[in-house]
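Undergrad: What shape does this take:
(one chain, ligands or ions: 2)
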Amino acid sequence: MSQQQSFKKVSAITGMKDILPGESARWEHLEAIVRDWLAAYGYRNLRAPVLEHTRLFARGIGEVTDIVEKEMYSFTDALNGDMLTMRPEFTAGMVRATIEHNLLYERPQRVYAMGPVFRHERPQRGRYRQFHQIDVEALGFAGPDVDAELILMLARLWKLLGLKDVRLELNSLGLPEERAAHRQALVAHLETHIDVLDEEARRRMHTNPLRVLDTKNPAMQEMANSAPRLFDFLGEQSRAHFDGVCERLHDAGISYTLNPRLVRGLDYYNLTVFEWTTDRLGAQGTVCGGGRYDGLLELLGGKPAPAVGFAIGMERLLDLWEQDASYDTPAECDVYFVHQSEAAQRQAMRLAELLRDAGLKVMVHAGPSGFKAQFKRADLSGAAAAVILGDAELQSGRASVKWLRQEQADNQEQQQEMPFGQLVEFLQSRCKQKV
Ligand code: ATP
Ligand code: MG
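TA: Numbers count the residues shown, from 1 in each chain. Ligands and ions are numbered 1, 2, ... in the order given. From the prediction side, this is the model:
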């Protein structure tokens with residue numbers, strides 16, 4: 001058997017999706033809206049590597065979290081033995097870069113990143129192993145103004161996209177000493193309910209008791225509902241911070257619910273935490289999560305500095321957006337060149353460059369094909385017009401323009417002849433009418 005025959009075809013890794021051209025147009029459309037939206041608030045792009053040292057995440061996200069305990073793609077660098085991890089979220093890397101390049105030396109920073117993150121989870125709707133986040137961080141700001149600004153920003157994005165039914169849940173995780181006092185009370189509560197705790201909860205009750213309350217196990221709901229609430233342990237300063245956020249949300253007309261059970265899956269949060277959720281995405285209803293992480297810069301070896309941010313899950317956002325807003329896949333080009341001979345094709349390539357200079361999107365049929373096959377492709381491309389170059393057209397220095405879409409054909413003659421020298425202007429004015 002030849003090598004070629006014995007090679008079994010390779011498919012993508014489970015939970016990692018190809019985003020094909022038909023779908024990617026919508027992604028690019030979203031990304032363009034998102035970039036404009038971020039620019040409207042003065043956010044700048046920070047691009048950190050996908051790979052980081054494992055210890056960055058272990059330290060930054062917390063050893064006893066779902067992500068670090070079981071979701072990270074980590075491996076040993078065969079060249080030098082370093083333990084490396086594919087980023088499971090953006091914040092740790094953004095903070096590392098901020099510290100490493102001393103970005104807060106001059107002034108606080110508003111930064112964002114967009115791209116793939118990796119978590120080894122059980123794939124299902126809204127849960128993938130490679131997924132994408134829009135990550136936004138305001139570094140060096142103590143709030144509560146910036147906390148509120150981030151939430152206002154998100155409300156604006158939902159509005160820009162025409163999303164309905166996304167709800168805001170808000171909580172405060174207070175300051176470290178308040179969490180310590182609450183933790184004592186919580187562990188005592190968990191101990192008295194030890195018989196209803198599942199294995200994971202028993203394991204976590206001393207390492208990360210707050211996360212035990214985040215359980216989805218129905219048998220533990222009553223225990224979780226009756227647990228002491230961190231919110232009740234907040235001191236004056238934490239309450240004032242929380243009120244400061246709420247007042248500004250009120251000013252902006254943004255409604256929210258206080259969810260005292262909201263803790264978020266990462267260890268680094270304090271004070272403000274929030275999530276935007278919807279009922280329309282099945283079990284994975286959280287579109288965006290964020291909060292304040294004032295201790296993280298110091299924890300990662302930087303000078304202490306306050307910070308707050310959020311991450312949006314792009315697959316979930318797109319899923320929701322598709323339900324709320326129809327979208328016409330844009331045409332691949334405005335003009336498609338159909339030609340008869342090699343000489344005609346070479347002329348088509350020259351004319352196409354001139355049309356592109358004028359800002360039109362142009363495809364020239366590649367390879368030898370009959371007119372019928374070429375017109376079929378022209379049609380599939382979604383082009384408004386086909387430009388036909390046959391031998392007769394080459395001789396006369398004129399091209400035939402055929403309108404392919406009903407709306408254009410209605411307004412002008414179905415097919416028109418045009419001297420090469422006038423083609424650019426003619427097509428430019430007609431095709432732009434469409435936009
Ligand atoms: P969940 O509770 O759904 O596991 P999380 O708390 O782990 O979410 P974050 O770490 O806050 O999620 O990530 C921010 C956002 O990224 C989430 O709100 C969600 O929209 C999205 N997200 C998280 N995990 C996945 C995944 N495996 N696949 C697709 N999107 C995800
Ligand atoms: Mg998770």
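Undergrad: Neighbours of whichever residue of the stretch 301-435 of the chain sits closest to ligand 1, how many?
TA: The stretch 301-435 of the chain approaches ligand 1 most closely through G313 (2.2 Å), counting by Cβ to the nearest ligand atom. All C-beta spots, glycine's among them, are computed from the backbone N, C-alpha and C. With neighbours defined by other Cβ atoms under 10 Å, the count for G313 comes to 23.
Undergrad: which residues touch it?
TA: G313 makes contact with 126, 131-133, 286-288 under the criterion Cβ atoms under 8 Å, 6 or more residues apart in numbering.
Undergrad: and if you look at Q374?
TA: Neighbours of Q374 in contact, by Cβ under 8 Å, 6+ apart: 338-339, 365.
Undergrad: could you dump those residues to JSON lines with secondary structure and neighbour count?
TA: Formatted as JSON lines, the contacts of Q374 follow (DSSP: H, G, I helix; E, B strand; the rest coil; neighbours: other Cβ atoms under 10 Å):
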{"residue": "V338", "secondary structure": "strand", "neighbour count": "24"}
{"residue": "H339", "secondary structure": "strand", "neighbour count": "26"}
{"residue": "H365", "secondary structure": "coil", "neighbour count": "21"}
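Undergrad: want to try TSV for the residues you listed, with distance to ligand 1 and pLDDT as columns?
TA: Listed next are those as TSV, based on distance: Cβ to the nearest ligand atom, whole Å; pLDDT from 0 to 100:
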residue	distance to ligand 1	pLDDT
V338	43	97
H339	46	95
H365	40	97
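Undergrad: Which of those residues sits closest to T91?
TA: H365 (48.3 Å; Cβ to Cβ).
Undergrad: circling back to that earlier point, so which pair among the contacts of G313 is furthest apart in space?
TA: Counting by Cβ to Cβ, the most remote pair of those is H132 and T286, 14.8 Å apart.
Undergrad: Between the two, which has more neighbouring residues?
TA: A count of neighbours by other Cβ under 10 Å puts H132 above the other of H132 and T286, at 21 against 17.
Undergrad: in what helix or strand does the residue nearest to L157 when sequence neighbours are not counted lie?
TA: Leaving aside its sequence neighbours, L157 sits nearest to W37 (Cβ to Cβ, 6 or more residues apart in numbering; 5.5 Å). Under the criterion of DSSP states H and E, W37 resides in helix 21-39.
Undergrad: what does that helix rub up against?
TA: Identification of contacts with helix 21-39 by Cβ under 8 Å, 6+ apart yields 19, 112, 114, 134, 136, 153, 156-157, 160-161, 314, 317-318, 321-322, 327, 329-330.
Undergrad: still on that earlier bit, point out the ones among the contacts of G313 that are inside strands.
TA: In this view, the contacts of G313 that belong to strands under DSSP state E are 131-133, 286-288.
Undergrad: rewinding a little: buried by neighbour count, from the contacts of helix 21-39: which ones?
TA: Listed as buried from the contacts of helix 21-39 are 112, 114, 134, 136, 153, 157, 161, 314, 317-318, 321; burial here means 16 or more other Cβ atoms under 10 Å.
Undergrad: count of residues packed around the closest residue to ligand 1 within the stretch 51-200 of the chain?
TA: Here the stretch 51-200 of the chain gets closest to ligand 1 at one residue, F131, 3.5 Å apart by Cβ to the nearest ligand atom. Other residues near F131 come to 20 when the count uses other Cβ under 10 Å.
Undergrad: confidence score at the closest residue to it other than its chain neighbours?
TA: Here the nearest residue to F131 in space, its sequence neighbours aside, is E315; by Cβ to Cβ, 6+ apart that works out to 5.3 Å. Note on E315: pLDDT of 97.
Undergrad: ok so, going back, reformat the contacts of G313 as a markdown table; add pLDDT and distance to L234.
TA: Below are the contacts of G313 laid out as a markdown table (pLDDT from 0 to 100; distance: Cβ to Cβ, whole Å):
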| residue | pLDDT | distance to L234 |
| --- | --- | --- |
| G126 | 91 | 32 |
| F131 | 97 | 33 |
| H132 | 98 | 35 |
| Q133 | 98 | 29 |
| T286 | 95 | 24 |
| V287 | 97 | 27 |
| C288 | 97 | 24 |
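Undergrad: Going along the chain, name the helices of the stretch 151-300 of the chain.
TA: Assigned by DSSP state H, counting those that start in this stretch, the helices in the stretch 151-300 of the chain fall at 176-192, 199-204, 209-212, 221-225, 236-251, 296-299.
Undergrad: Tell me the buried residues in stretch 341-349?
TA: For stretch 341-349, by 16+ other Cβ under 10 Å, it's 344-345, 347-348.
Undergrad: In these, find the pair that's most separated.
TA: Longest span within those, Cβ to Cβ: Q345 and Q347, 7.3 Å.
Undergrad: okay, and the common contacts of the two?
TA: Joint contacts of Q345 and Q347 (Cβ under 8 Å, 6+ apart) are 339, 389.
Undergrad: Quick one, which of the helices of the stretch 151-300 of the chain gets closest to L56.
TA: Closest among the helices of the stretch 151-300 of the chain, once you apply Cβ to Cβ, is helix 296-299, at 10.6 Å.
Undergrad: Name the next helix or strand downstream of the lowest-mean-pLDDT helix or strand in the chain, please.
TA: Using mean pLDDT, DSSP states H and E, the weakest-scoring helix or strand in the chain turns out to be helix 406-411, at a mean of 64. Downstream of helix 406-411, the next assigned helix or strand under DSSP H and E is strand 415-419.
Undergrad: CA-only coordinates of that next one in PDB, if you can.
TA: Provided in PDB are the C-alpha atoms of strand 415-419 (Å, rounded to 0.1, in the frame of the first residue of the first chain):
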ATOM      1  CA  GLN A 415     -26.200  44.400 -20.400                       C
ATOM      2  CA  GLN A 416     -24.200  47.400 -21.500                       C
ATOM      3  CA  GLU A 417     -21.100  48.000 -23.400                       C
ATOM      4  CA  MET A 418     -18.400  50.200 -22.000                       C
ATOM      5  CA  PRO A 419     -15.000  51.400 -23.400                       C
END
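Undergrad: Span of stretch 60-77 from start to end?
TA: 21 Å (Cα to Cα, to the nearest Å).
Undergrad: ditto for stretch 101-108
TA: Per Cα to Cα, stretch 101-108 runs 13 Å from first to last residue.
Undergrad: follow-up on the earlier one: need the buried ones among the contacts of helix 21-39 in CSV with distance to F420, can you?
TA: Output for the buried ones among the contacts of helix 21-39, formatted as CSV (distance: Cβ to Cβ, whole Å):
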residue, distance to F420
Y112, 47
M114, 43
I134, 46
V136, 50
M153, 50
L157, 47
L161, 44
M314, 45
L317, 47
L318, 43
W321, 44
